[in-house]
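**Student:** sequence unknown, structure follows:
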């Protein structure tokens, strides 16, 4: 995000199925507002699993963050898991680099093509 960073309190997943039907499920983040990729991804996986759709031809998938708040006012959750703390620190550094130098300046190594 450029400019003012925001954190989501609610995540909603919408699945568009063949035939025009849609299934939607939303959930409030259990630990409060978060802009961390891990928190949002884990909740999105949980929401998709809770839909219980099997053998459905999916035509579209949308994730929507709702009830946004300014990230500066969100309390920082302390973690006793060193791996999670390191990931969150790295995520913050990557966001700062991308805000300063433009999108896709830094990111996971697996998303970049090999040189040459």
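**Tutor:** Thanks, I have the structure now. No experiment lies behind these values; they were computed from the predicted model shown.

**Student:** ok, the helix or strand of the chain with the lowest mean pLDDT: who's next to it in the sheet?
**Tutor:** Least confident element among the helices and strands of the chain, by mean pLDDT, DSSP states H and E: strand 6-7 (a mean of 81). Neighbouring strands of strand 6-7 in its sheet, by DSSP bridges, are strand 69-70 (antiparallel).

**Student:** next, residue 59: phi, psi?
**Tutor:** phi -100, psi -20 (degrees, to the nearest 10).

**Student:** contacts only, for it.
**Tutor:** Applying C-beta atoms under 8 Å, 6 or more residues apart in numbering, one finds that residue 59 lies in contact with 16-18. Every residue, glycine included, has its C-beta placed from N, CA and C.

**Student:** do you know how far it is from residue 51?
**Tutor:** 15 Å (C-beta to C-beta, to the nearest Å).

**Student:** one more: residue 103?
**Tutor:** 31 Å.

**Student:** more neighbours, these two?
**Tutor:** Taking other C-beta atoms under 10 Å, residue 103 and residue 51 do not tie; residue 51 has more neighbours (13 against 10).

**Student:** looks like the more buried one contacts residue 25 (just checking).
**Tutor:** Yes: between residue 51 and residue 25 there is a contact at 5.8 Å, judged by C-beta atoms under 8 Å.

**Student:** in strands, which of the contacts of residue 59 fall?
**Tutor:** Secondary structure from DSSP state E places 16-17 of the contacts of residue 59 in strands.

**Student:** check what pLDDT the most centrally placed residue in the chain gets.
**Tutor:** Nearest to the mean C-alpha position of the chain, by C-alpha atoms, centre = their mean, lies residue 40 at 3.6 Å. With respect to pLDDT, residue 40 scores 85.

**Student:** with the one 5 residues further on instead?
**Tutor:** Per-residue confidence at residue 45 stands at 91 (pLDDT).

**Student:** also residue 49?
**Tutor:** Reported pLDDT for residue 49: 90.

**Student:** doesn't it lie inside a helix?
**Tutor:** Yes: counting by DSSP: H, G, I helix; E, B strand; the rest coil, residue 49 is found in a helix.
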